[in-house]
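**Student:** Next comes the sequence, and after it the predicted model I'd like to discuss.
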Protein chains: 2
Amino acid sequence: MKFSCERTSFTQAVAITGKAIASKPSAPVLSGIYIKAEADNTLELRATDNETSIICKLTAKEGLNVETPGEAVLAGRYFQEIVRNLPGENVNIDYNYQEKTIKIQSGSLKYTLLSMNAEDYPQIIPFQGDVNFVLSDKVLRNLIMKTCYACSNDTARPIFTGCSLNIHENTIAMAATNTHQLAVQNATLNSTYNGNLSSTIPSKVLSAIEKMLVSDVPTDVNISLNSRQIGFAYDNMYVATRLIEGRFPDYSRVIPLDFATRVIMDKSEFASALRRINVIASTSEYKSVKFEFMNSSVRMSASNPDIGYSEEILPASIDGEDLVISFNSEYLLKVLAVMETPQFIFSLNNSVSAAAIREVDSTDFTYIITPIRTTA
Amino acid sequence: MKFSCERTSFTQAVAITGKAIASKPSAPVLSGIYIKAEADNTLELRATDNETSIICKLTAKEGLNVETPGEAVLAGRYFQEIVRNLPGENVNIDYNYQEKTIKIQSGSLKYTLLSMNAEDYPQIIPFQGDVNFVLSDKVLRNLIMKTCYACSNDTARPIFTGCSLNIHENTIAMAATNTHQLAVQNATLNSTYNGNLSSTIPSKVLSAIEKMLVSDVPTDVNISLNSRQIGFAYDNMYVATRLIEGRFPDYSRVIPLDFATRVIMDKSEFASALRRINVIASTSEYKSVKFEFMNSSVRMSASNPDIGYSEEILPASIDGEDLVISFNSEYLLKVLAVMETPQFIFSLNNSVSAAAIREVDSTDFTYIITPIRTTA
């Protein structure tokens, strides 16, 4: 195998593909990146951890020139580090089948790296699912960003470590919950799906996809899924992952229909104050901050008997009953970080019922949080 | 104790003083910052880990207004975090002697923090040493920056964890070594000292001082020392530290007087290439990179039998004998990072003798490195 390629395209393809390498690979060959150069002047880079797979393609458009077709598996970590820092405009790759070494040359620099057997590398084939639809990169990125942080990290209950994707007619929704909080983002599909589809995608993969969707030009993402896996194809990239087994809870039942109190607040002002109160709140097990909504203001406070007490009063437009309620400050800080409107609506019922956070002027996003029951 | 102060000055004073707090304080009270407000409208902040002490003063110039004099010791970590994020223009501090609590108010924010007994806090008194001299902040910063990285971290040999300060007539020199490398920076004193003075300052304190010397306006630093301690006074700050006991080795003997080969190289180009070769070199115990100086070029290479081989050839202006020699790449990367000239001079004798690195157009800085003896 021998080819040359424009450096920046090659570097980007290696960086993207490398995201599928597990930190502790289950087999030595899975610590590498598989590369295949073909006679039709295409290059494929592949990586997989057996759950999630990524394929990246390069062509003449990316300055690729294949001299001798072939395949090899390159040590992932060193190869990625080397490729990130190449000095030249182009990179030349030459694989020696006898020595099982790969020569990387760019500008004045030459590397020779030991490589692994390409025959041992698992096949990765883009699959055709039962359901196929298209989302713009912007919509997909928003679905992920608005929900992913609400997942659980507890692998003992795998269903809560994923985001639930739901399609019904021309509506798509993504939802995530750790049972104390729930985030749901809706969007409109260009096509219509007859019936109800629901599957749970590992949040780790979605976070990686969110970081890859950085194109300046609006790009379509082609999504294909069946009951066991889902694939995302866009530009020259392809990501496939196994779905999480099990039934995601029916979250629509935990979204209250009515609220006794509606509060409109400035998002940045509220987040800054909450971060200050959090110096004390973060020292307690439940990160509890007490909110007193009354007299056109919200009084936020936290206390720890060993450290001290903090409080701040902010103006707020309150419509409805006065209310005292406590929430986990770190959950709130995360949802405030992803909302895009300068103001938000905090909707509440009483001190023991779930509250909702929504953006002003949009009903596509809903965040539900369970209060902390305090003895005070 | 009750006072108010302009927020940014107060925040900066707390941040600077906090640098003297040990990560694992030897007594609970040493985890705090001592504050004393006096009737003449001055405020003193103090912190110490019993080795190093910092005092910071604030006056009416910094917007200080003392209402009731007094003293208190505030929990360091939380106090620093709170003060970093205050929302108002000013900060109001009110100490309650009965409750042993301090109220901090700024803008809409109020904190109440438990505090510790001020009587338990050790006295910190600026001392008058036997030798006193003045350096500009720029010169002191340069002495520290050019040498500090060459120290050892090995506390089993404390003398090598410090920088040696040497004064003779109107010359001041700072030197650091870990026995494999040596860095020496000279500067000229405005005054003349009769005799030879040599003392070893903990590098940790010097690094902290380097970070504090950030004034835009040229500032004089008043330095006072005796055989046991050294004090640095500038602006409203004072830092004192114990000196390291023991005799710093006579480093002048390890600086070669003549060299067989002199190489002039571009610093950024050389550092970039070395970082690339370091991907392989950093995987070996001695971080060994082989340098072949010949034919108006330097060939740099590193190899690890389990990973692979890297090489890069750079143009170099070589005056003298050809030479093959190996050095620790990470030592070289650190010295390259502190040099300020676009080109540097690499002076060498043979593959087993110490080499020197100097800046072009200045003899004030000398860096000596011992080669790695290789079997090849």
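**Tutor:** Alright, I've got the coordinates.
**Student:** Give the phi and psi angles for residue A:232, as a check.
**Tutor:** As for residue A:232, its main-chain torsions (degrees, to the nearest 10) stand at phi -120, psi 120.
**Student:** Repeat that for residue A:249.
**Tutor:** phi -60, psi 150.
**Student:** go on, the one 5 residues further on?
**Tutor:** Torsion angles at residue A:254 (phi, psi; degrees, to the nearest 10) stand at phi -90, psi 0.
**Student:** And residue A:260, by the same measure?
**Tutor:** Here is the backbone geometry of residue A:260 (degrees, to the nearest 10): phi -80, psi -30.
**Student:** correct me, but it touches residue A:351?
**Tutor:** No. Residue A:260 sits out of contact with residue A:351 when judged by Cβ atoms under 8 Å, with a separation of 11.0 Å. Just so you know, the C-beta spots here come from the backbone N, C-alpha and C atoms, and that holds for glycine as well.
**Student:** Identify the contacts common to those two.
**Tutor:** Common neighbours of residue A:260 and residue A:351 (criterion: Cβ atoms under 8 Å, 6 or more residues apart in numbering or on different chains): residue A:323.
**Student:** For chain B, what's its nearest residue on the stretch 101-250 of chain A.
**Tutor:** Using Cβ to the nearest Cβ, the closest approach of the stretch 101-250 of chain A to chain B is made by residue A:113 at 3.6 Å.
**Student:** what about that residue, which SS state?
**Tutor:** Of the three states, residue A:113 takes strand under DSSP: H, G, I helix; E, B strand; the rest coil.
**Student:** how about the nearest residue to it, chain neighbours excluded?
**Tutor:** Nearest non-adjacent residue to residue A:113, counting by Cβ to Cβ, 6 or more residues apart in numbering or on different chains: residue B:308, 3.6 Å away.
**Student:** what is the one you found paired to in the beta sheet?
**Tutor:** Judged by DSSP bridges, the bridge partners of residue B:308 are residue A:113, residue B:304.
**Student:** Pretty sure residue B:281 is one of the things it touches, is it not?
**Tutor:** No. Using Cβ under 8 Å, residue B:308 is not in contact with residue B:281; the gap is 11.6 Å.
**Student:** these two touch, right, residue A:272 and residue B:86?
**Tutor:** No. With contact defined as Cβ under 8 Å, residue A:272 and residue B:86 do not form a contacting pair (10.7 Å).
**Student:** The two - which one has more neighbours?
**Tutor:** Taking other Cβ atoms under 10 Å in any protein chain shown, residue A:272 and residue B:86 do not tie; residue B:86 has more neighbours (20 against 16).
**Student:** helix, strand or coil for the more buried one?
**Tutor:** The three-state assignment at residue B:86 reads coil, by three-state DSSP.
**Student:** Report the contact partners of it.
**Tutor:** By Cβ under 8 Å, 6+ apart, residue B:86 lies in contact with A:276, B:7, B:11, B:104, B:106-107, B:109.
**Student:** Residue A:287 too?
**Tutor:** A:278, A:281, A:328-331.
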